[in-house]
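[1] pasting the structure only:
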């Protein structure tokens, strides 16, 4: 039976704290492992990208590109995967395939800013898909199979 006052960690699991600058007997006395003189031996050091007054590398390299701060992140799914889930019986092809239905079936993990359908793979069933975005070729492929792909948001098919 365990007693709370007898609980111990495994031997070697914890080490005692290194007490720096506490005399020569400790092995880290006098300079406390910081060496002799210089900026790094003193407190309040912030060197990170400093190169001794020379222009730092991160400033010398050319900057290119731009990351849009309010960009939309879409969850992407291919038509072939939707067809695979329909064949497996995880998605009902007779009713409308919405973004919620795709998440519930496990075809897409989460909706993010919407789901975008791409045309990789083949569609054999007549599908009625309602999503935020789709490629032109995906719309054509669904319509060719006799189905319909509707965009729910104000996102034009690209």
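    Looks like it arrived, so ask away. Because the structure is a prediction, the values reported are computed rather than measured.
[2] what sits against residue 90?
    Counting by CB atoms under 8 Å, 6 or more residues apart in numbering, residue 90 touches 105, 106, 107. Bear in mind the C-beta positions are built from the backbone N, C-alpha and C, glycine included.
[3] Which one (most neighbours) among those residues?
    Neighbours here mean other CB atoms under 10 Å. Within those, the largest count is held by residue 107, at 20 neighbours.
[4] Quick check: that one vs residue 62, distance?
    For residue 107, the distance to residue 62 equals 42 Å [CB to CB, to the nearest Å].
[5] try residue 125
    51 Å.
[6] Compare these two (neighbour count), which wins?
    Legend: neighbour count by other CB under 10 Å for residue 125 and residue 62, higher for residue 125 (15 against 4).
[7] wait, doesn't the more buried one sit right on residue 142?
    No: using CB atoms under 8 Å as the test, residue 125 is too far from residue 142 to be in contact (9.7 Å).
[8] Spatially nearest residue to the residue positioned nearest the centre of the chain, not counting backbone neighbours?
    A centroid search over the chain (CA atoms, centre = their mean) returns residue 73, at 11.3 Å, as the residue closest to the centre. What sits nearest to residue 73 in space, not counting adjacent residues and going by CB to CB, 6 or more residues apart in numbering, is residue 112, at 4.9 Å.
[9] any idea where the helices of this structure begin and end?
    Here the chain has its helices, by DSSP state H, at 57-60, 79-87, 99-105, 136-144.
[10] Please work out which of those is packed deepest.
    helix 79-87 (a mean of 19; mean count of other CB atoms under 10 Å).
[11] Which residue ranges of this protein form strands?
    Along the chain, counting by DSSP state E, strands occupy 75-78, 115-118, 128-131, 133-134, 148-151.
[12] Please tabulate the ones you listed in TSV, including the columns mean neighbour count and distance to residue 68.
    TSV is the format used below for the strands of the chain (neighbours: other CB atoms under 10 Å; distance: least, CB to CB, whole Å):
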stretch	mean neighbour count	distance to residue 68
strand 75-78	18	18
strand 115-118	23	17
strand 128-131	21	22
strand 133-134	24	16
strand 148-151	17	21
